[in-house]
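# Predicted model and sequence follow; I will ask about them next.
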Amino acid sequence: MNLSLVIPVYNEQDNLALLFDAIYQTMKSLGKTWEVILVDDGSYDRSLSILQEYAAKDPGHVRVISFRRNFGQTAAIAAGIDHSDGDIIILLDADMQNDPADIPMLLTKLDEGYDLVSGWRRNRKDNAVTRNFPSMIANWLISRVTGVHLHDYGCTLKAYRRDVLEGFRLYGEMHRFIPVFANSVGARITEVVVNHHPRKFGRTKYGLERTAKVVLDLFTVKFLVSYSSKPIYLFGGTGGLLMIISAIIMVYLFVRRIFFLVAVTGSPLFQTSVMFFILGFQSMLMGLIAELLVRTYHESQRKPTYTVRTKINLDGDD
Ligand code: UDP
Ligand code: MG
């Protein structure tokens, strides 16, 4: 199997016929083996029965997963990826805001040797105030913090080689951070400008609150990617810094006591110093506990702390 399209569907009844038309049209011209996995994320409109009709008509290509309730777009994407077979996985939205006609362009980029091609909705057709502007800031922030520079993390339309999707799981709202995880396992990443259309039918499931979640997720992602195999560097580093500040304050207080006869306990600096010492010490201990957790994590799953691209003259698949 060459290609797996993975599409999350939540109350998109009026978009599905258009979506299937566009997919069939694009796939016909491509001449690759393909499948499309549609994950119904607990829709309460007619989406599921429409998907069932298409699956019955074309069991060779159309596969459907139906959730018991709404678990969110990321969970739907994760389920689709878990059940996919293709060497290349393409994610897109079901609402026809992404254009399936862009798929060949993404594939051309993969053929150039990239492992991940990210769509960039340069001309995005969503609400400027609640979506486009916050998203611009979020993209800038994510790029700065993670060092993976993309213009449009939020664009679902992206193409992935299967091997860069293995080795991490998606939680919360994290599908937009796949490029960051993929980068951490050594993926070669690029982006291309893709079409974006205003939503014709149904309505968006997101608003301004989404950006807040993205910023919180960014903390987790940064921590996981940069420190998950060496948490003591973060906790120990912070702890050490706090203890050094504490020591400097103490020295200052004692010098002041001895040469200028000012009482040590008479100023809030003393309490501050004690507090910093305790916090710093605690932080170091937390770092040690985190180190234990990391070992349990890797060893219980036999997860190596590295990723291999190819092996030569060694047993293994490549
Ligand atoms: N979606 C989903 N579960 C959800 C919310 C959304 O599967 O809980 C799907 C939705 O059907 C669509 C895609 O995720 O295919 C993107 O959703 P939406 O168009 O609402 O997001 P926007 O384009 O406004 O960012
Ligand atoms: Mg949309």
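Yes, it's here. Given the structure is predicted, the values throughout are model-derived calculations rather than measurements. Numbers count the residues shown, from 1 in each chain. Ligands and ions are numbered 1, 2, ... in the order given.

# who touches stretch 190-203?
For stretch 190-203, the surrounding residues in contact (Cβ atoms under 8 Å, 6 or more residues apart in numbering) are 11-15, 95-99, 101-102, 105-106, 109, 112, 114, 116-126, 150-152, 155, 157. All C-beta atoms are positioned from the backbone trio N, CA, C, and that covers glycine.

# contacts with ligand 1 among those, please.
12, 95, 97, 126 (Cβ under 6 Å from any ligand atom).

# Dump these to CSV, plus distance to Gly86.
As requested, these are arranged in CSV below (distance: Cβ to Cβ, whole Å):
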residue, distance to Gly86
Glu12, 22
Asp95, 22
Gln97, 23
Asp126, 29
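
# Output those as TSV; include the columns pLDDT, distance to ligand 2 and neighbour count.
Compiled in TSV, these are given as follows (pLDDT from 0 to 100; distance: Cβ to the ion, whole Å; neighbours: other Cβ atoms under 10 Å):
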residue	pLDDT	distance to ligand 2	neighbour count
Glu12	97	9	27
Asp95	95	4	26
Gln97	96	4	22
Asp126	91	7	17
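
# follow-up on the earlier one: now the contacts of stretch 190-203: which count as buried?
Listed as buried from the contacts of stretch 190-203 are 11-15, 95-99, 102, 105-106, 109, 114, 116-121, 124, 126, 150-152, 155, 157; burial here means 16 or more other Cβ atoms under 10 Å.

# now this structure, which segments are flagged as low pLDDT?
The model of the chain has pLDDT under 70 over residues 316-318.

# Distance of the spatially most central residue of it relative to Asn139?
Central residue of the chain (Cα atoms, centre = their mean): Phe177, 2.0 Å from the mean position. For Phe177, the distance to Asn139 (Cβ to Cβ, to the nearest Å) stands at 12 Å.

# Near ligand 1, which residues of the stretch 1-150 of the chain? Just list them.
Residues of the stretch 1-150 of the chain lying near ligand 1 by Cβ under 6 Å from any ligand atom: 8-10, 12, 41, 70, 72-73, 76, 93-95, 97, 126.

# which residues does Val164 contact?
Val164 touches 115-116, 182, 185, 187, counting by Cβ under 8 Å, 6+ apart.

# quick one: which two of the residues you listed are the most distant?
Greatest spacing in the contacts of Val164, by Cβ to Cβ: Leu116 and Val185 (10.5 Å).

# Show me the common contact partners of Phe177 and Asn139, please.
Common neighbours of Phe177 and Asn139, counting by Cβ under 8 Å, 6+ apart, are Tyr153.

# Identify those among the buried ones among the contacts of stretch 190-203 that sit within helices.
Among the buried ones among the contacts of stretch 190-203, DSSP state H puts 105-106, 109 in helices.

# Done for today, thanks.
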